[in-house]
Each structure stands twice: as structure tokens, then as C-alpha cells.
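[1] Here is my input; please provide its structure:
(one chain, ligands or ions: 2)
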Amino acid sequence: MLTILADGLMPLVDELFLEFGTILRFDGRMPSPEQLAQADVLLVRSVTQVDAALLAQAPKLRFIGSATIGTDHLDIKTIEEKGIFWTAAPGCNADAVADYVLSAVLNWQTMTGRDLPALTVGIVGVGNIGSRLSRRLNALGVKVLCCDPPKAEPGFISLAQMLPQVDVLTLHVPGGSATHKMLGADTLAAMKNGALLINSCRGSVVDNAALVSWLEAGRGEAVLDVYETEPDFDTRLLGLARWLTPHIAGHSIEGKRRGTWMLYEALCRHQGLSPSGHFGNWLPAPAVTHVTGTLAEVRRLGNLVYDIRDDDAWFRQGLLAGKTFDVLRRSYPKRREWGSLDTTFVEDGAKVWALASH
Ligand SMILES: NC(=O)C1=CN([C@@H]2O[C@H](COP(=O)(O)OP(=O)(O)OC[C@H]3O[C@@H](n4cnc5c(N)ncnc54)[C@H](O)[C@@H]3O)[C@@H](O)[C@H]2O)C=CC1
Ligand SMILES: O=C(O)C(=O)[C@H](O)COP(=O)(O)O
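    Ligands and ions are numbered 1, 2, ... in the order given. Got it, this is the predicted structure:
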């Protein structure tokens, strides 16, 4: 029997992992030394740094699973040197992040009175999130430019080519040394005047000091979910950024459950077992059933499923009330994905399907 040590906010842990042994839960960013000393399996979120210091306290550890897309909180070199198996959950909450960015783009476009087909959006990092976003924006008739040098697909362009052309620049690259401060004073200066920068990947990708100067100079606008200083929050951004959220772009119910399910499947494989059941059993019922409408109503429906402005207001009010970044993340309201809508569209259903599916 295994001792499984899991982040207290991870859903479905008891339901899926009890068959493997005993479950211990931890709250906050770090498990206690006593818990680590007992753990055979460690299940974490992005807030737990799995580094040499943590591993030194966990001599029995054989399996590490992170219910996240990003892996920059895992010291993979040290984990592998110790012969510990590790895995993450690629794509688990990609739809939720695509919903987040779509809401930012559509509400910003309405607010600034720009014409949707005249908008050019640049996507940097065209993996699980970037490609879903590209499909949705294309379905709405928005011009999309893509930058992803590791993929180097035909038609993709460099960041330097993209910066002066786009009205919206949205970042979807992994964190880590290769993308550290990819957006700094020079790159920001190369963007169009009045452009919108969206960062929902990792805070380390944007140089915070350069961003603050760029915003103070009135050169452009920003929508931010992640911060270089996280979990500390630079309060100057409150008066400078258009919409701010506390690293919740991927926090849908579906995305979180999918993340735990992917770790469960990986532990089954690691133990030579077959998963019992399938993920569909754990999906919540559709949020809204049988919506009928036209493509013109996509915007209204989009805000019904997810409206970034509500999360911005909730975050600002929480900070004003003295709550910390981490406390707010822990109390994030329940949120569904576009895919939870059961829609029947009377006009151009194919386009709407592209928005709601991956
Ligand atoms: N704010 C939030 O709640 C969430 C944030 N994320 C972040 O978003 C990131 C992206 O997620 P996915 O799309 O699922 O990852 P992915 O691994 O599917 O795609 C990342 C893409 O970035 C590309 N890339 C790498 N270096 C690049 C560079 N220098 N320039 C341009 N492209 C580059 C890769 O080739 C790849 O296609 C994650 O690594 C994670 O850090 C993910 C989920 C939730
Ligand atoms: O998946 C990722 O990568 C993320 O950034 C997560 O969505 C962050 O969520 P938690 O670590 O709070 O689960």
C-alpha cells in the first residue's frame, strides 16, 4: 500500500486514489517534513516547488505528479537523478485558458470600439492553448499571426516580425530560462501604440519593471493573470492594467478534474494497473442546456460562461479587503468551460462548434 501526499485543493483525490493506499493532504505551498518523510507518491499544483530541499526530506518518494500544464516548479534534473518517476497533465486546463483569453479579447474589442474583423491577434507559443485559441479566433473572423520557433510551422513568423503588426499579443510559452523576460523594454517598445498585451502563461516571461514603465508611458494596455513577483503582487499594476486576475486562467472545474484524472491514469500505468472507469464519469453536468441562438450572440454567451471583468472586480475587491493573492486563489468561485454549454445555433453552427470544442 502507498502513502499518497496530495495538495488539499486538488479535486477527486479521495475518489480516485484511495484504492492505492493512505491519503495525506497538505494546505498551502509546502507539505510538512513529517508528511514528506512518509510519502511514496506526491501530487502537487504549480505552487509547490519540488526542488532539492523538498526531495531531501522525502526519502521514500517514487512518483511525483503535477496536476498542471506548466512544469517550471519541478526540478526535473534532480528528480530524475534520484530515479523518481515524474509526470504532469499537459493540456488539462488548456480550454479554460483559451476561454480566458477569448473573453479578454472580445471585451477589450467592444470597450475600445474596434471592429472584430479588423483586429490582428499575435499568439506566441502555439501549443495546446495557443492552437485552441487560434481556432476560436479564426472562427470569429479575427486575423491570427503565430510565433513558435521550436515548431517552425509554415506561415509562422518571428517575435520581431510579429510585434509591430498586432493589436493584441498573447503569450502561451512555458516558463523557465529559455523564455525568461522574453518581453522586456526593447520588445515592448517594438509593439504598436495602444496594443494589448495578455500574459496568462508565466510571470517570469515578462519583465515587470519594463511593463510598468511601458504602461505608465501610456504606450499600451495589459491583461495579466501571472506576475514576475508572484505570489507577491505589485500594487502599481492596479492603476495601470486593464484587467487583473490572480493566476486563475486555467481554474475551471473541468480543467482541475482532468488534471487529477491524468495523474491517476499515470499512477495506474506506473503500478501496472488499468484505470477503472473513464474521465467522462467525473465530468459535471452541462452548465447551461439547450441554448439556441445566432453567431451574433456568441459574445453574450461568452460572457455568460466566462467574463474576465467579473474576476477582475472580484480580485480588486479582495485585495482592497486585505486578502492576499494566495487566499484569493484558494477561494476562487466555481467556473465552467465553454464546452459545458449545450448549444443549438440557428446560424453557422459550425463556427460556434469550433468555439466550444477542442
Ligand atoms: N495561467 C494559468 O492558469 C495557466 C498557465 N499555463 C501556462 O501556459 C503555458 C503554455 O501552455 P500549453 O499551451 O498547454 O503548453 P504547450 O507545451 O502545449 O505549448 C507551449 C508552446 O510554446 C512553444 N514555445 C516554447 N518556447 C517558445 C519561444 N521561445 N517562443 C515561442 N514559442 C515557444 C512550444 O514550442 C509549444 O508549442 C504552460 O507552460 C504554463 O506555464 C498553463 C495553464 C494554466
Ligand atoms: O496548469 C498550469 O500550468 C497552471 O498554471 C495552473 O492552472 C495553475 O493552477 P494551480 O497550480 O493553482 O492548480
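[2] all contacts plus neighbour counts: C-alpha atoms, from now on.
    Fine.
[3] next structured bit after the strand or helix carrying residue 211?
    Element membership of residue 211, judged by DSSP states H and E, is helix 208-216. The element immediately downstream of helix 208-216 (helix or strand, assigned by DSSP H and E) is strand 220-224.
[4] Give me the pLDDT value at the residue in the stretch 251-358 of the chain positioned nearest to ligand 2.
    Residue nearest to ligand 2 within the stretch 251-358 of the chain: residue 251 (5.7 Å; C-alpha to the nearest ligand atom). You'll see residue 251 listed with a pLDDT of 97.
[5] my guess is it meets residue 93, correct?
    Yes - using C-alpha atoms under 8 Å, residue 251 is in contact with residue 93, at 7.2 Å.
[6] between these two, who's got more neighbours?
    residue 93 (26 against 22; other C-alpha atoms under 10 Å).
[7] what's the distance between that one and residue 209?
    Distance, residue 93 to residue 209, by C-alpha to C-alpha, to the nearest Å: 29 Å.
[8] Repeat that for residue 239.
    Distance from residue 239 to residue 209, by C-alpha to C-alpha: 15 Å.
[9] out of the two, which sits in the more crowded spot?
    Using other C-alpha under 10 Å, the more surrounded residue of residue 239 and residue 209 is residue 209, with 12 against 9.
[10] Relative to residue 41, how far out is that one?
    39 Å.
[11] What residues does this structure have near ligand 2?
    45-47, 68-70, 250-251 (C-alpha under 6 Å from any ligand atom).
[12] Just the buried subset of those, please.
    Among the residues of the chain next to ligand 2, the ones that count as buried by 16 or more other C-alpha atoms under 10 Å are 45-46, 68-70, 250-251.
[13] can you give me the strands in the chain?
    2-7, 21-26, 41-44, 63-66, 85-87, 120-124, 143-147, 168-171, 195-199, 220-224, 243-244, 288-293, 341-345 (DSSP state E).
[14] among these, which gets the worst mean confidence?
    Taking the mean pLDDT of the strands of the chain, strand 288-293 comes last: a mean of 56.
[15] okay, and for the stretch 101-250 of the chain, where does confidence drop off?
    Judged by pLDDT under 70, the stretch 101-250 of the chain has no weakly predicted residues.
[16] show me the contacts for the residue nearest the centre of the chain.
    In the chain, the residue lying closest to the centroid (C-alpha atoms, centre = their mean) is residue 250, at 3.6 Å. Shown in contact with residue 250 (C-alpha atoms under 8 Å, 6 or more residues apart in numbering): 93-97, 100.
[17] Next: residue 143.
    Residue 143 sits next to 117-121, 137 when contact means C-alpha under 8 Å, 6+ apart.
[18] swap in residue 336?
    252-254, 287, 305-306.
[19] Can you give me the separation between it and residue 236?
    Taking C-alpha to C-alpha as the measure, residue 336 falls 31 Å from residue 236.
[20] Likewise for residue 155?
    Using C-alpha to C-alpha, we find residue 155 at a distance of 38 Å from residue 236.
[21] Also residue 274?
    Residue 274 is 51 Å from residue 236, by C-alpha to C-alpha.
[22] Equivalent analysis for residue 150, please.
    To residue 236, residue 150 is 35 Å away according to C-alpha to C-alpha.
[23] likewise residue 43?
    35 Å.
[24] ok so, going back, quick check: ChimeraX command selecting the buried ones in the contacts of residue 336.
    The ChimeraX command for the buried members of the contacts of residue 336 (criterion: 16+ other C-alpha under 10 Å) is given here:
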select :252,253,254,305,306
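[25] Among the contacts of residue 336, which lie within helices?
    Cross-referencing the contacts of residue 336 against helices under DSSP state H gives 253-254, 305.
[26] What residues does the chain have near ligand 1?
    Within the chain, the positions near ligand 1 by C-alpha under 6 Å from any ligand atom are 69-70, 90-91, 93-94, 97, 124-130, 147-151, 172-175, 179, 200-202, 225, 247-250.
[27] Residue 280: neighbour count?
    Counted by other C-alpha under 10 Å, the residues lying close to residue 280 total 8.
[28] Now do the same for it: its pLDDT.
    We have a pLDDT of 80 for residue 280.
[29] hmm, back to that, may I see the residues of the chain next to ligand 2 arranged in CSV, with distance to residue 193 as well?
    Putting these into CSV (distance: C-alpha to C-alpha, whole Å) gives the following:
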residue, distance to residue 193
45, 37
46, 34
47, 35
68, 35
69, 32
70, 31
250, 29
251, 32
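[30] Great, nothing more from me.
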